[in-house]
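# can you look at this prediction? I've put the sequence above it.
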Amino acid sequence: MLSLAVLISGGGSNLKALLDAAADPDYPARIVAVFADTDAPGLAHAAAAGVPTAVVRPSDFPSRDAWGEALAEGIRATGAGLVVSAGLMRILPAGFVRAFSPRLINTHPALLPLYPGAHAVRDALAAGAVETGVTVHIIDEGVDTGPVLRQERVAVRAGESESELHERIKRVERPLLVDTVRDIATGALTLSAAEPEHTTTPYPHP
């Protein structure tokens, strides 16, 4: 059974998807702790499921590195075998990344390496893209530059807004994350910073 530590900043929809999946006794992963960098609404999902939570605020530390080390210490104490950044809206310090990568993954609302950064959906629309999607990738010391594990495409509809497109991407993102974690837990997907597996699926959601 793979143990997960999940990192969030907001509403926790990806966390909720993982919690729902883990409620099935046949799912090969369990969430042992949820960490947030603020009083995130998504912590309520963990509390409802009886999963321990902790808020580790960067403002409580003298530097990003000190914050990252405190967060790392908390995760180490849980014994988690995989760290999932599921909507943590903060770049992790290099020391933290080195401590956990490649067993440190993230979701991103674009087909990386296209549209990295915090405004991926907006950037795709501004570029006139006819397709975008979602990526699950290993976190490295860059910004959305780590090895790609899984991708799924989403067609861009004419005239849709950033929020509309982002919502459709989220509907694809949640099951993709759940399936990726399952594959990591069963060994169907091997985490390697050097030789990642990379699967891109065709349009399932036009």
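Looks like it came in fine.
# shouldn't Ala40 be in contact with Gly12?
Yes: Ala40 lies in contact with Gly12 (C-beta atoms under 8 Å); the separation is 6.5 Å. Quick note: C-beta positions are derived from backbone N, CA and C, even for glycine.
# retrieve the pLDDT associated with Glu195.
What the model reports for Glu195 is a pLDDT of 39.
# got it, and Ser192?
Confidence score, pLDDT, at Ser192: 75.
# mind listing what the nearest residue in space to it that is not next to it in sequence touches?
Leaving out its chain neighbours, the residue that sits closest to Ser192 by C-beta to C-beta, 6 or more residues apart in numbering is Pro102, at 6.1 Å. Counting by C-beta atoms under 8 Å, 6 or more residues apart in numbering, Pro102 touches Ile138, Gly146, Pro147, Leu191, Ser192, Ala193.
# residues in contact with Ala22?
Ala22 neighbours (C-beta under 8 Å, 6+ apart): Leu4, Ala29, Arg30, Ile31.
# most neighbours among these, which one?
Leu4 (26 neighbours; other C-beta atoms under 10 Å).
# just the CA atoms of the helix or strand containing Val121, as CSV, please.
Using DSSP states H and E, Val121 falls within helix 120-126. The C-alpha trace of helix 120-126 is given here as CSV (Å, rounded to 0.1, in the frame of the first residue of the first chain):
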residue,chain,number,x,y,z
ALA,A,120,-1.4,28.1,-18.2
VAL,A,121,-5.1,28.2,-19.3
ARG,A,122,-5.0,31.9,-19.9
ASP,A,123,-1.8,31.5,-21.9
ALA,A,124,-3.2,28.8,-24.1
LEU,A,125,-6.2,30.9,-25.0
ALA,A,126,-4.1,34.0,-25.6
